[in-house]
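In: Need coordinates for the below:
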Amino acid sequence: VQLVESGGGLVQPGGSLRLSCAASGFTFMYNWMHWARQAPGKGLEWVASIYTGDGTTNSADSVKGRFTISRDNTKSMLYLQMNSLKSEDTALYYCVKFSAPKLLLSRHAGYWGQGTQVTVSS
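Out: Numbering: from 1, shown residues only. From the prediction side, this is the model:
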């Protein structure tokens, strides 16, 4: 299993970014895929999840209405569209393969990418 995130960067408050995750080494279809993040000095936080089979999604209250998780099964790609970004969204964002609707927040559970840094600052 390999998960490679991209798309992070520096953005001003109120701006947008789109994160991508290229997945390989497993059958992408019919899996639960997740985004998680870790802010400086803080623990892991679940962001959003999607079932690649039927597109069922769920997201944390802190990002609901601002972030959208999606996937492209033909390309084995996972995305996170982030709008109306706030300074508190600054974190390292991880793409995760974990075979359940609820993500277990441990780097030892499932498969995690290396992360892509998002910094929201003026």
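In: CA only for contacts and neighbour counts going forward, please
Out: Noted.
In: Spatially nearest residue to the most centrally placed residue in the chain (excluding sequence neighbours)?
Out: For the chain, the residue nearest the mean C-alpha position is residue 35 (2.4 Å; CA atoms, centre = their mean). Among residues not flanking residue 35 along the chain, residue 95 sits closest, at 4.9 Å (CA to CA, 6 or more residues apart in numbering).
In: Could you look up the SS state of the one you found?
Out: strand (DSSP: H, G, I helix; E, B strand; the rest coil).
In: Quick check, the residue nearest to the centre of the chain in contact with residue 92.
Out: No - applying CA atoms under 8 Å, one finds residue 35 not in contact with residue 92, separated by 10.4 Å.
In: averaged over its residues, what pLDDT does stretch 69-84 have?
Out: For stretch 69-84, mean pLDDT is 98.
In: mind exporting that stretch as CSV, just the C-alpha atoms?
Out: The C-alpha coordinates for stretch 69-84 follow below in CSV (Å, rounded to 0.1, in the frame of the first residue of the first chain):
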residue,chain,number,x,y,z
ILE,A,69,-13.9,14.9,0.5
SER,A,70,-14.2,13.1,-2.9
ARG,A,71,-12.6,10.4,-4.9
ASP,A,72,-11.9,9.3,-8.5
ASN,A,73,-12.1,5.5,-8.6
THR,A,74,-10.8,5.4,-12.2
LYS,A,75,-7.6,7.1,-11.1
SER,A,76,-7.3,5.7,-7.5
MET,A,77,-7.3,9.3,-6.2
LEU,A,78,-8.6,10.8,-3.0
TYR,A,79,-9.2,14.6,-2.7
LEU,A,80,-9.9,17.1,-0.1
GLN,A,81,-11.3,20.5,-1.3
MET,A,82,-10.7,23.0,1.5
ASN,A,83,-12.4,26.4,1.3
SER,A,84,-12.7,29.3,3.7
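In: I would like the residues contacting that stretch, please.
Out: Stretch 69-84 is contacted from outside by 13-24, 28-29, 33, 35, 48-50, 52, 55, 57, 66-68, 95, using CA atoms under 8 Å, 6 or more residues apart in numbering.
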